[in-house]
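> sequence plus predicted model, see below.
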Amino acid sequence: MNKFTFIDLFAGIGGFHLAMESLGGECVFASEIDVYARKTYKHNFKNKNPELFQNELFNDDIRKISSDTIPDFDVLCAGFPCQPFSQAGYKRGFDDVHNSERGNLFFNIVDIIEAKRPQAFFLENVRGIVNHDNGRTFKVIQDILVNELGYSFNFKVVNASDYGLPQLRPRAFMIGFRDESILSNFTFPEKIPLKFNMSDVWKGTCSREIGFTLRVGGRGSNINDRRNWDAYYVDGEVKKVMPEQAKKMQGFPESFEFPVNNTQAMKQLGNSVAVDAIRECGRVLVERMQELNKNNTVKTKNTKNKGEWTEIYTFLKLLSDKKLYLADKNLNIKNGSDIFYVSRVTTLDLDRSCLIKDDDKILVQDNDGKYKHLLDIQEFLDNKIISNLAKNIKQGSGTFEMPEFEIIQQKLGISIKGGNSSQKSDIVIDFFHNEHELKNQGFGIKSFLGSKPTLLNASGSNTNFIFRLDNVEKENIDVINSINTKSKLKDRINKVFDLGGNFVFERLEANSMHYNLTMVDSLIPEIVSKMLLEFYCNRTNSIQENIEIIGKFFPNIDTLQIKVKVKRLLVSILLGFFSGKKWDGQYKALGNIVVKDNGEQVGFHIIDLPSLEDYLLENIKFDTPSSTRHRFGSAFIEDDKLYFKLNMQLRF
């Protein structure tokens, strides 16, 4: 098979690693929190894959991962924690917060898929996940992967014995592809005969051909106990499974070594995936992925969402209007001198520019000047056409086609590309302002042709603030988390206060976000934490009103100082940093274009920073993202202390 790359999350001792590597895969990132499993993983793979351990690509706590630090990869592999869904565990599912947050770590996987957009994923868990909470848990998983992230979703409960290993071990395998809609649906491979049986494992006559499911703990049960899993009659004697047998039952090679004691080795093997089952299903995954790659030239409909179409609309409207009016905080056009007369329009990803000539002609040329195309844009783009484009975008839903855009782009001789999710500049223009020419000015775009845009999207761990709950007994965790009213976040917070507790801001979950906030001002993390608590507790979502209320918590600075700091933060989010990546303190865009709901455009630029600051302060509010999707709003225990997370999302 052709080479491909994969990452190994909740890696354990490397069952996924062994299977995918045997299919031609290269592991470019791994994450495992258990110190003993990490020791075994490194011992067995450090010589084969030294870069994984030399370049800080072997992570421990998945919650610490910033997606930007993960190399690009083709396949995401993850046997995420099964105890929350296991018959042998407490079956708390996503609500398993009594021992760290192992129940909701699935959403860290979602964050990585969303950010990196790999070609495929391969997830493994206990079969209990399928019916957990009457199927609601599994529905959440499928809905997010399919409806939010746009991947296909295929699953099957398989036994290790289906693919050659003499062990029951029923597990739910979930496989999906980014581009599978091009071809027919994926199908799991047919079963294969056993490669060997339990007598071969024991090197003696065993009473069972297929062994019990290897488990973690529970050793020492009587062979006649219905819960027995580790005792077998071999040559008429009772024998207990040891690492030598468990390793073979799980499909690990003879050369695989355990630099830990037998107790830890058995725990690691009990937690592992069955290598052969992963390999056989992985083989079909890789074949399908490569088939998709070969067919990626298949013509597909040119569909985009409202935001993507609006970026093209803004490009064309600037060419048609040849000017951009600056706005005040209420989006009203300012006085006559605050006009940008546009002379050139392009994007960061476009190798051609549209130059506006004095005779109202448009000169389209590439960066090296070899391609030149002069045309009269009024022949195919006037105010009526622009108005209809805005109307059609506004009426669209989901992703949809707009053939009229294709016609216009063909006449221009370019395929307009907007900014991608890792850029602050959606469009780049040159313009004249008060007789001065400014070149290569990057602008973001915020559109009201659809739902109100966000300033800062919730991003799982990247936007989570962690509070320690002081003066609350750990035994009250279920009292707090059992509250499931329509206003559960507010009611859970107030229950903490009713119990005599306090919320003490401790840290941001993501180091990158803490770094970025303190780059703006050292007090910003503390200020925002108080604002978040006020928002979720009393629903004070207006930034301006919220500042007035939380000022009492900062006796050494006045409200005006807090307001100035928050203004700087809002501008920095708009023009400067992303929550998941450390910021260098420089603005990545120098202004913003606002597309009103009637299709008219106005702009802001750092030339007039006070107007931009006032606009953001008066028009940004806190918003509530999904608490399940972004892992916040529940009390959880870590290091024997009680904590609570609140998430920051900002919307216009």
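Perfect, I can see it now. Residues are numbered from 1 along each chain as shown.
> which regions of the stretch 101-250 of the chain lie under the pLDDT threshold?
The stretch 101-250 of the chain contains residues with pLDDT under 70 at 101-103, 181-184, 217-220.
> helices of that one, residue ranges please.
106-116, 128-131, 136-143, 198-202, 243-249 (DSSP state H, counting those that start in this stretch).
> with the stretch 251-400 of the chain instead?
For the stretch 251-400 of the chain, the helices defined by DSSP H, counting those that start in this stretch occupy 262-271, 275-294, 306-321, 383-395.
> contacts for the last one?
If I follow you right, that is helix 383-395. With contacts defined as C-beta atoms under 8 Å, 6 or more residues apart in numbering, helix 383-395 is touched by 306, 309-310, 313, 316-317, 320, 402, 404-405, 408, 449-450, 595, 597-599. Yep, even glycine has a C-beta here, placed from its N, CA and C like the rest.
> ok, 6 Å please
Helix 383-395 is contacted by residues 306, 309, 313, 317, 320, 449, 599 when judged by C-beta atoms under 6 Å, 6 or more residues apart in numbering.
> residues touching stretch 472-484, excluding its own?
491-492, 495, 499, 501, 634-635, 637, 642.
> what mean pLDDT does it get?
Regarding stretch 472-484, the rounded mean pLDDT is 94.
> identify each buried residue in that stretch, please.
472, 476-477, 479-481, 483 (16 or more other C-beta atoms under 10 Å).
> so how far is the first residue of that stretch from its last?
Its start and end residues considered, stretch 472-484 measures 20 Å (C-alpha to C-alpha, to the nearest Å).
> what's the answer for stretch 620-636, then?
One end of stretch 620-636 to the other measures 30 Å (C-alpha to C-alpha).
> got it, and stretch 595-611?
From its first residue to its last, stretch 595-611 covers 17 Å (C-alpha to C-alpha).
> got it, and stretch 290-304?
End-to-end distance of stretch 290-304: 25 Å, with C-alpha to C-alpha as the criterion.
> can you check stretch 618-625 too?
Its first and final residues considered, stretch 618-625 spans 21 Å by C-alpha to C-alpha.
> can you check stretch 214-225 too?
First-to-last distance for stretch 214-225 - C-alpha to C-alpha - comes to 16 Å.
> try stretch 148-162
First-to-last residue span, stretch 148-162, C-alpha to C-alpha: 32 Å.
> only the buried residues of that stretch, if you could.
For stretch 148-162, by 16+ other C-beta under 10 Å, it's 149, 151-155, 158-162.
> for those residues, work out which two are farthest apart.
Maximum pairwise distance in the buried residues of stretch 148-162, criterion C-beta to C-beta, is 32.5 Å, between Leu149 and Ser161.
> by contact count, what packs against the helix or strand bottoming out on mean pLDDT in the chain?
Every helix and strand of the chain was ranked by mean pLDDT, DSSP states H and E. The lowest is strand 303-304, at a mean of 86. On a contact count with 3 or more C-beta pairs under 6 Å, 6 or more residues apart in numbering; DSSP states H and E, strand 303-304 meets no helix or strand.
> quick check: Ala265 touching Phe258?
Yes. Ala265 is within contact range of Phe258, at 4.1 Å (criterion: C-beta atoms under 6 Å).
> identify the spatial nearest neighbour of Gly15, chain neighbours not counted.
Val273 (3.8 Å; C-beta to C-beta, 6 or more residues apart in numbering).
> okay, Glu406: pLDDT?
For Glu406, pLDDT reads 88.
> now the helix or strand where it lies: buried residues?
According to DSSP states H and E, Glu406 maps onto helix 403-412. Using 16+ other C-beta under 10 Å as the test for burial, helix 403-412 gives 405, 408, 411-412.
> Serialize the contacts of helix 383-395 to a markdown table and add fields for pLDDT and neighbour count.
Putting the contacts of helix 383-395 into a markdown table (pLDDT from 0 to 100; neighbours: other C-beta atoms under 10 Å) gives the following:
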| residue | pLDDT | neighbour count |
| --- | --- | --- |
| Lys306 | 93 | 20 |
| Trp309 | 95 | 25 |
| Tyr313 | 97 | 26 |
| Lys317 | 97 | 24 |
| Ser320 | 94 | 16 |
| Leu449 | 95 | 23 |
| Gly599 | 96 | 20 |
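> for Leu374, which of the helices of the stretch 101-250 of the chain is the nearest?
Comparing the helices of the stretch 101-250 of the chain under C-beta to C-beta, the one sitting nearest is helix 106-116, at 41.8 Å.
> how about residues contacting that closest one?
Contacts to helix 106-116, defined as C-beta under 6 Å, 6+ apart, come from residues 62, 67, 78, 80, 144, 149, 460, 631.
> quick one: closest of the helices of the stretch 101-250 of the chain to Val342.
That would be helix 106-116 among those, by C-beta to C-beta, at 33.5 Å.
> show me where pLDDT drops low in this structure?
For the chain (pLDDT under 70), the answer is 1, 82-103, 181-184, 217-220, 296-301, 336, 418-419.
> repeat that for 50
Along the chain, the parts satisfying pLDDT under 50 run over 84-91, 93, 96, 98, 182-183, 297-299.
> max-length strand in it?
strand 436-447 (DSSP state E).
> what does that strand contact?
With contact meaning C-beta under 6 Å, 6+ apart, strand 436-447 is reached by 310-311, 314, 424-431, 453, 589-595.
> now the next helix or strand after it: buried residues?
Once strand 436-447 ends, the next helix or strand along the chain (criterion: DSSP H and E) is strand 454-456. Within strand 454-456, the residues that count as buried by 16+ other C-beta under 10 Å are 455-456.
> using TSV, please lay out the helices of the stretch 251-400 of the chain together with distance to Thr347.
As requested, the helices of the stretch 251-400 of the chain are exported to TSV (distance: least, C-beta to C-beta, whole Å):
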stretch	distance to Thr347
helix 262-271	48
helix 275-294	27
helix 306-321	7
helix 383-395	18
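> now for the ones you listed, which one comes closest to Phe186?
helix 275-294 (5.4 Å).
> packing partners for the closest one?
helix 15-22, strand 120-126.
> and for the last one, what's in contact with it?
Meaning strand 120-126. Contacts for strand 120-126 (C-beta under 6 Å, 6+ apart): 75-79, 82, 85-86, 171-177, 273, 285, 289.
> now stretch 354-370
Applying C-beta under 6 Å, 6+ apart, the contact partners of stretch 354-370 are 319, 322, 343-345, 351-352, 371-377, 412-413.
> just those: which are in strands?
Those of the contacts of stretch 354-370 lying in strands (DSSP E): 343-345, 352, 372-375.
> so which of those residues is the closest to Ile223?
Closest to Ile223, out of all of these and judged by C-beta to C-beta, is Arg352, at 75.9 Å.
> partners of that closest one in the sheet?
According to DSSP bridges, Asp366 are recorded as the beta-bridge partners of Arg352.
> for it, which residues are in contact?
364, 366, 414.
> how about 8 Å then?
346, 364-367, 371, 413-414.
> sorry, back to before: of the ones in strands among the contacts of stretch 354-370, keep whichever come out buried.
Buried among those by 16+ other C-beta under 10 Å: 343-345, 352, 375.
> before we move on, the earlier item: pull the most distant pair out of the contacts of Arg352.
Within the contacts of Arg352, Asn367 and Gly413 form the most distant pair, 14.3 Å apart (C-beta to C-beta).
> more neighbours: which of those two?
Gly413 (15 against 11; other C-beta atoms under 10 Å).
> against Lys322, how distant is that one?
From Gly413 across to Lys322, the span is 19 Å (C-beta to C-beta, to the nearest Å).
> same check on Arg117?
For Arg117, the distance to Lys322 - C-beta to C-beta - is 37 Å.
> these two - which one has more neighbours?
Lys322 (17 against 13).
> phi first, then psi, for the more buried one.
With angles defined as degrees, to the nearest 10, Lys322 sits at phi 60, psi 20.
> coming back round to it: kindly reformat the buried residues of stretch 472-484 as JSON lines containing distance to Leu533 and secondary structure.
Below are these laid out as JSON lines (distance: C-beta to C-beta, whole Å; DSSP: H, G, I helix; E, B strand; the rest coil):
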{"residue": "Val472", "distance to Leu533": "15", "secondary structure": "coil"}
{"residue": "Asn476", "distance to Leu533": "19", "secondary structure": "helix"}
{"residue": "Ile477", "distance to Leu533": "19", "secondary structure": "helix"}
{"residue": "Val479", "distance to Leu533": "20", "secondary structure": "helix"}
{"residue": "Ile480", "distance to Leu533": "15", "secondary structure": "helix"}
{"residue": "Asn481", "distance to Leu533": "18", "secondary structure": "helix"}
{"residue": "Ile483", "distance to Leu533": "17", "secondary structure": "coil"}
